[in-house]
Structure formats: structure tokens, C-alpha cells
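K.L.:
prediction below, plus the sequence it came from.
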Amino acid sequence: MSVAIYLADPHIRAEQIEAIRTHLPAGWTLAERPEGATAILTEKVDISAGMLAAAGASLRLVA
């Protein structure tokens, strides 16, 4: 099973993204855009209807 995680925070730093990427299980990726994402993660950014629509039927988690 492949999992694509979209990090919705536009202010996340490149080194944070790389640190997350190195700890993901096999088959898991970080998506650059919400299209086709399995999960959308955010801390201080509102999830928009556009993000949900872009992820489409593959979306399984919003946190």
C-alpha cells in the first residue's frame, strides 16, 4: 500500500521536510500538492474545500 502525505503548512522548512522523509516507512511519500494525497496534515493552516476536492477519493485522513 502506498501512502502520500500532503503537508499543508506552506511555511514548513526544507530541513524539516527532509527529516520527515527519512523516517517514513517504505511506500510512503510526501506529496508536493494535495492532488491524490492519502493524508493531509496541518497544524496551523485551515484545510480548504479545494484541498479536499483535489485529494479526491484517495483521501483517508485529515489531521
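P.N.:
Everything's here; your move. Residues are numbered from 1 along each chain as shown.

K.L.:
the helices in the protein, which residues?
P.N.:
For the chain, the helices defined by DSSP state H cover 14-22, 49-55.

K.L.:
who are the packing partners of the first one?
P.N.:
With contacts defined as 3 or more Cβ pairs under 8 Å, 6 or more residues apart in numbering; DSSP states H and E, the packing partners of helix 14-22 are strand 28-31. Backbone N, C-alpha and C define where each C-beta goes, glycine included.

K.L.:
what strands line up against the strand it packs on, and which way round?
P.N.:
The pairing partners recorded for strand 28-31 under DSSP bridges are strand 3-7 (parallel).

K.L.:
avg pLDDT for the partner strand?
P.N.:
Mean pLDDT, strand 3-7: 97.

K.L.:
then stretch 47-57?
P.N.:
For stretch 47-57, mean pLDDT is 96.

K.L.:
list of residues touching it?
P.N.:
The contact list for stretch 47-57, computed with Cβ atoms under 8 Å, 6 or more residues apart in numbering, reads 6, 8, 33-38, 40, 59, 62.

K.L.:
out of the residues you listed, which sit inside strands?
P.N.:
Judged by DSSP state E, the subset of these located in strands is 6, 40, 62.
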